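> Here you go, sequence then predicted model.
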Amino acid sequence: MKRILLILFALMSLSTATMAKKPLSVTLQLLETSDVHGAFFPYNFVERRPMAGTMARVSTYIKQQRQKYGKNVILLENGDILQGQPTCYFTNFIDTQKTNIAAEVVNYMKYDAQTFGNHDVETGHPVYDKWISEVQCPTLGANIIDTKTGKPYVKPYIILERQGVRVAVLGMLTPAIPNWLPVSLWTGLRFQEMVSCAREYVKILKEQEHADVIIGLFHSGWDGGIVTPEYEEDATKRIAEEVEGFDVIFFGHDHRERMEQTANGTLCLDPSNNALKVSQATLTLTYYGKKKGWRVSKKEGAIVDVRGLDTDPDYMDHFKMHMDRVKQYVERQIGTFTCDMNSRDAFFGSSSFTDYIHQLQLEETHADVSFNAPLVFDTKIKAGPVYMSDMFKLYRYENSIYVLRMTGAEIRRHLEMSYDLWVNTMTSADDHIMQLSAKTNIDTQRMGFKNLTFNFDSAAGIDYEVDVTKPDGQKVHILQFTDGRPFDERAWYRVAMNSYRGNGGGELLTHGAGIPHDSIQSRIEYMSQYDQRRYLTQKIEREKNITPKALNNWRFVPEAWAKPALERDRKLIFKD
């Protein structure tokens, strides 16, 4: 008997020793949404039809993952949630007493953390400060600095514990805000360059917080965008390659689906936009004892398309009242159009779509010249009743109206850069007239154009020609003011534009016109109190029955080449 007990004790000791040597394992499921832009419901309030991208389907997927992984799911939201669908405008600026719908969505879905996007900043302090106070998870932004304290305006990072694993999430925002938005929207803030900020905080997260896993949550694209001596707009690639320590970087801002793994093993994921997809990183961690701690032993990434999922019925029930309120808002008739207005026309010459906005800017400001670009790639306002929803087709963003002092030469150079981004230099009648690229066919901000279409400024108030046979910088020939006044490149004029352009957005004022960025503010003579959409709505309500017309104050020449080339490229870009 004694011998049997000794054998059992030996076996138990061996089993315990074997178990002690066997590493523990934990699987974490990390999920990210980004650039949701108000796609909270399966209904497009602009087009007034069902919509594939919706947080109601994302909610279904999140619930599935929580059933599988339990509390080991970490859900992160990466900014640009406060702007886009009319839902956002309604909750930000119309029905402001209630909790912001974006905050309600984040709270309902139990996000663990969220970051700022540039379009969230665009709503202004009253809106985003209220939103921050209403969400039940931390809002992160390590490089958003409060100028009074010198410290981050919101939490720089959060530490989450899952089964003994310490997970750090570091949030950052593209620092290019001053190039797009007026100071009044971000008073008291400055935006630190991202690479140095990441390096600083990774050191803190490792040495002071003893994080086992470090996650980046960056509202910044992969690479490119605005580059200045001080910062880069899209810095994710540089951080992933140059800053050691990140296990996963979730990013966004550029609306381009991407999954990359860098040479140092950092997994980088961007789910694109409009709640169509979710970024997913599945991490398996193994415990190697107190000295070595937890180590990531397996890492898998995926971009999950949620469009085929059913909407979450509980989510839909919860938000039904909100949907009904927004529907009532967008279905209000404000006027009548006697003919269609199509944004497609804006790429191929003077068009009623852009020119109606030109007319508004000149009427509101009494400026000499107006700049305006098509902000929506492909939309139509049909003849007949015009509803509030149509205002989000006609004007996509909440930009205000600016007037800047510019010389005639600066006006021409601004337009030269715009048309150099927009059109080709034709060397034969068979060439493309538009600057196109096969690489951008699925890019929702370019759709086959080589460059971003919201930087294709045309002008009103002046008559001019664009010679597509001339080299860059020599295409634009300004003939005169439309009212017959001579145009003088040495004279000073008042130029109306939206606030994005007026703050340097698209770099047409800086790289094009040649105005130093730090002197733009001194050129601003007028800033409207409200956004463009409000003024357009009031204009339509005043005019009631409207026949939108192109001003026809500019054209592409020589027409023998331009006209057939425009027809060819229009069919190529818009295949229907």
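Structure received. Residues are numbered from 1 along each chain as shown.
> hey, where'd the helices end up in the stretch 101-250 of the chain?
With DSSP state H, counting those that start in this stretch as the criterion, the stretch 101-250 of the chain has helices at 101-108, 118-121, 125-134, 194-207, 236-242.
> Dump those helices into JSON lines; add mean neighbour count and distance to Arg48 as well.
For the C-beta atoms, the positions are set from N, CA and C on the backbone; glycine is no exception. Formatted as JSON lines, these follow (neighbours: other CB atoms under 10 Å; distance: least, CB to CB, whole Å):
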{"stretch": "helix 101-108", "mean neighbour count": "22", "distance to Arg48": "18"}
{"stretch": "helix 118-121", "mean neighbour count": "24", "distance to Arg48": "23"}
{"stretch": "helix 125-134", "mean neighbour count": "17", "distance to Arg48": "25"}
{"stretch": "helix 194-207", "mean neighbour count": "18", "distance to Arg48": "39"}
{"stretch": "helix 236-242", "mean neighbour count": "21", "distance to Arg48": "36"}
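> To Gly289, which of the ones you listed lies closest?
Nearest of the helices of the stretch 101-250 of the chain to Gly289, taken as CB to CB: helix 194-207 at 18.4 Å.
> sorry, back to before: any chance of JSON lines for the helices of the stretch 101-250 of the chain, columns distance to Ala383 and mean pLDDT?
Shown next, in JSON lines, are the helices of the stretch 101-250 of the chain (distance: least, CB to CB, whole Å; pLDDT from 0 to 100):
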{"stretch": "helix 101-108", "distance to Ala383": "32", "mean pLDDT": "98"}
{"stretch": "helix 118-121", "distance to Ala383": "32", "mean pLDDT": "97"}
{"stretch": "helix 125-134", "distance to Ala383": "35", "mean pLDDT": "98"}
{"stretch": "helix 194-207", "distance to Ala383": "48", "mean pLDDT": "98"}
{"stretch": "helix 236-242", "distance to Ala383": "45", "mean pLDDT": "97"}
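> Could you say which helix or strand holds the most centrally placed residue in the chain?
Geometric centre of the chain, nearest residue: His253, 4.5 Å, by CA atoms, centre = their mean. His253 belongs to no helix or strand when assigned by DSSP states H and E.
> which residues does it contact?
34-35, 79-80, 117-118, 174, 218-221, 234 (CB atoms under 8 Å, 6 or more residues apart in numbering).
> so which of those is the most crowded?
Counting neighbours by other CB atoms under 10 Å, Ser220 leads the contacts of His253 with 33 neighbours.
> okay, the helices of the stretch 101-250 of the chain in a markdown table with distance to Gly349 next?
Shown next, in a markdown table, are the helices of the stretch 101-250 of the chain (distance: least, CB to CB, whole Å):
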| stretch | distance to Gly349 |
| --- | --- |
| helix 101-108 | 39 |
| helix 118-121 | 30 |
| helix 125-134 | 38 |
| helix 194-207 | 40 |
| helix 236-242 | 38 |
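> Of all those helices, which one is nearest Gln480?
Comparing the helices of the stretch 101-250 of the chain by CB to CB, helix 118-121 comes nearest, at 38.7 Å.
> distance of the residue nearest to the centre of the chain from His119?
9 Å (CB to CB, to the nearest Å).
> Repeat that for Tyr356.
24 Å.
> pLDDT wise, what is Thr266 at?
Per-residue pLDDT puts Thr266 at 97.
> That one reaches Val248, doesn't it?
Yes. With contact defined as CB atoms under 8 Å, Thr266 reaches Val248; the gap is 7.1 Å.
> Which one's more surrounded, the two?
Val248 (28 against 22).
> can you pull the contacts of the more buried one?
30, 213, 215-216, 266-269, 281, 283, 299, 301.
> And for the residue nearest to the centre of the chain, nearest residue in space, chain neighbours not counted?
Counting by CB to CB, 6 or more residues apart in numbering, His253 lies nearest to Gly221, which is 4.7 Å off, once chain neighbours are set aside.
> cool, and Ile177?
In space, Ile177 is closest to Phe191, 5.3 Å off (CB to CB, 6+ apart).
> For the one you found, list the residues it contacts.
Contacts of Phe191 (CB under 8 Å, 6+ apart): 143-145, 173-178, 231.
> circling back: now do the phi/psi pair for the residue nearest to His253.
phi -70, psi -180 (degrees, to the nearest 10).
> Report whether the expected contact of it with Asp254 is present.
Yes. Using CB under 8 Å, Gly221 is in contact with Asp254, at 3.1 Å.
> about what we covered before: please report which of the contacts of Phe191 has the highest neighbour count.
So for the contacts of Phe191 (other CB under 10 Å), the most neighbours sit at Thr174, 31 neighbours.
> pLDDT score for Lys2?
pLDDT, Lys2: 48.
> Please renumber the chain so that the first residue is 506 from this point on.
From this message on, residue numbering opens at 506, which makes the last subject Lys507.
> what touches both of Gly726 and Asp759?
The contact lists of Gly726 and Asp759 share 739, 775, where a contact means CB under 8 Å, 6+ apart.
> residue contacts, the closest residue to Asn549 other than its chain neighbours?
Spatial nearest neighbour of Asn549, excluding adjacent residues (CB to CB, 6+ apart): Met556 at 3.9 Å. Going by CB under 8 Å, 6+ apart, Met556 touches 544, 546-549.
> which among the residues you listed end up buried?
Applying a neighbour-count criterion of 16 or more other CB atoms under 10 Å, the buried members of the contacts of Met556 are 544, 546-549.
> Throw these into CSV and include secondary structure, thanks.
Shown next, in CSV, are the buried ones among the contacts of Met556 (DSSP: H, G, I helix; E, B strand; the rest coil):
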residue, secondary structure
Ala544, coil
Phe546, coil
Pro547, coil
Tyr548, strand
Asn549, strand
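> Can you pull the poorly scored residue ranges out of the chain?
506-528, 946-951 (pLDDT under 70).
> out of the contacts of Val753, who has the most neighbours?
Neighbour max across the contacts of Val753 (other CB under 10 Å) = Gly721, 30 neighbours.
> Give me the distance between it and Lys795.
27 Å.
> Likewise for Glu1030?
66 Å.
> With Ser963 instead?
67 Å.
> Can you give me the distance of the residue nearest to His758 to Thr1015?
For Gly726 relative to Thr1015 (CB to CB), the value is 20 Å.
> just Ile649 next, same as before
23 Å.
> Likewise for Arg918?
Arg918 is 11 Å from Thr1015, by CB to CB.
> wait, doesn't Gln838 sit right on Asp895?
No. With contact defined as CB under 8 Å, Gln838 does not reach Asp895; the gap is 9.6 Å.
> who has more neighbours, the two?
Asp895 (26 against 13).
> tell me the contacts of the nearest residue to Lys615 once chain neighbours are set aside?
Nearest residue to Lys615 in three dimensions, chain neighbours excluded: Leu580, at 6.8 Å (CB to CB, 6+ apart). Residues in contact with Leu580 (CB under 8 Å, 6+ apart) are 536-537, 567, 614-617.
> nearest to Val928, of these?
Nearest to Val928 among these, with distances taken as CB to CB, is Glu537, at 37.8 Å.
> Which strand or helix spans that closest one?
Per DSSP H and E: strand 529-538 holds Glu537.
> Run the chain-centre distance for that strand.
Remark: strand 529-538 is offset 26 Å from the chain centroid, using CA atoms, centre = their mean, to the nearest Å.
> Direction included, what does that strand pair up with?
Neighbouring strands of strand 529-538 in its sheet, by DSSP bridges, are strand 578-582 (parallel), strand 782-792 (antiparallel).
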